[in-house]
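K.L.:
have a look at this fold, sequence not included:
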Ligand SMILES: Nc1ncnc2c1ncn2[C@@H]1O[C@H](COP(=O)(O)OP(=O)(O)OP(=O)(O)O)[C@@H](O)[C@H]1O
């Protein structure tokens, strides 16, 4: 269920943090999540950012605490570029509303991105995603609720995870998950947070993006107790566009990776065997076609004038 409207969070309002004084001017509502609403804002130095605010709820509090902890561990690991920019409270109309500010991701969900730019984009986008997951795992967390709407891809190809509400410390219980992406749903492992949980979800995400109909059919044909990783491995083997990555899917679905770095390395190696980047290929083709038509036009004009 989406969060309710927040009084005072209208375009033009300046949200001021009660303890740290950060100021954010609301531009528009981006969307509503279960734990709060996400707004596009402008910071005091003119940058765009995303601000999530919601009623006082333990889930939103946990989301902020997780992001604060992640930022701390990233700083310890020398990673300066953090997703979390600020976390504070806004006092308005006698109410104190918790909020946090994060990087604004100008991207589209990974499934829409692959449909828009061609199936070969799964190679580089997958690699970027595995890199992000690997950083998160090194910091001691798993993402948990990995699904297309939580993986946004920017025009540049950069991948960003949004909605850390399902992130859980390694070793704890995964607190937020979604049907197909959950390995327990497929009787393929527990809901204890480990890197393999996210890798399994990424494998199912690919099956969903590339052959939703077969995945749906498979799911409908099985009883809860008969679902298995084997069924997903077989499905992966039948999708021609994913054939290059078949050994990777097998390992991820059977829980064969010890770390996400290992998964990243194997994906990277398989990418080298993957046909060339369509986006670049397509633009090269367009340039070649444009140049040929110019040459043809020149030849026709030359022939016409020399007659
Ligand atoms: N940093 C961000 N930059 C751009 N868009 C964002 C950002 N964070 C969230 N969004 C978008 O805002 C909307 C609400 O996001 P939010 O993460 O709160 O919830 P959700 O993922 O839609 O739902 P739920 O929390 O119920 O799983 C989504 O459309 C999401 O893509």
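P.N.:
The structure has been received and is ready for your questions. These numbers were taken from a predicted model, which means no experiment stands behind them.
K.L.:
show me what contacts residue 101?
P.N.:
22, 24, 41, 43, 49, 50, 51, 52, 84, 85, 86, 87 (C-beta atoms under 8 Å, 6 or more residues apart in numbering). C-beta: built from backbone N, CA, C; applies to glycine.
K.L.:
what about those, which are in helices?
P.N.:
The subset of the contacts of residue 101 located in helices under the criterion DSSP state H is empty.
K.L.:
which of the residues you listed are close to the ligand?
P.N.:
Checking the contacts of residue 101 against the ligand by C-beta under 6 Å from any ligand atom, the ones in range are 50, 52.
K.L.:
which parts of this structure sit against the ligand?
P.N.:
30-36, 38, 50, 52, 102-105, 149-150, 162-163, 165.
K.L.:
distance of the residue of the chain found nearest the ligand from residue 193?
P.N.:
The nearest approach of the chain to the ligand comes at residue 33, 2.2 Å away (C-beta to the nearest ligand atom). According to C-beta to C-beta, to the nearest Å, residue 33 and residue 193 sit 21 Å apart.
K.L.:
okay, these two: which has more neighbours?
P.N.:
Taking neighbours as other C-beta atoms under 10 Å, residue 33 and residue 193 compare with residue 193 leading, 24 against 20.
K.L.:
list the contacts for that one?
P.N.:
Residue 193 neighbours (C-beta under 8 Å, 6+ apart): 141, 142, 144, 168, 169, 170, 171, 172, 173, 174.
K.L.:
among those, name the ones in strands.
P.N.:
When the contacts of residue 193 are checked against strands (DSSP state E), the matches are 141, 142, 168, 169.
K.L.:
which among the contacts of residue 193 count as buried?
P.N.:
With burial judged by 16 or more other C-beta atoms under 10 Å, the buried subset of those is 141, 142, 144, 168, 174.
K.L.:
who's in contact with residue 85?
P.N.:
43, 49, 101, 102, 103.
K.L.:
dump those to JSON lines, plus pLDDT.
P.N.:
What follows is these, written out as JSON lines (pLDDT from 0 to 100):
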{"residue": "43", "pLDDT": "96"}
{"residue": "49", "pLDDT": "97"}
{"residue": "101", "pLDDT": "97"}
{"residue": "102", "pLDDT": "95"}
{"residue": "103", "pLDDT": "92"}
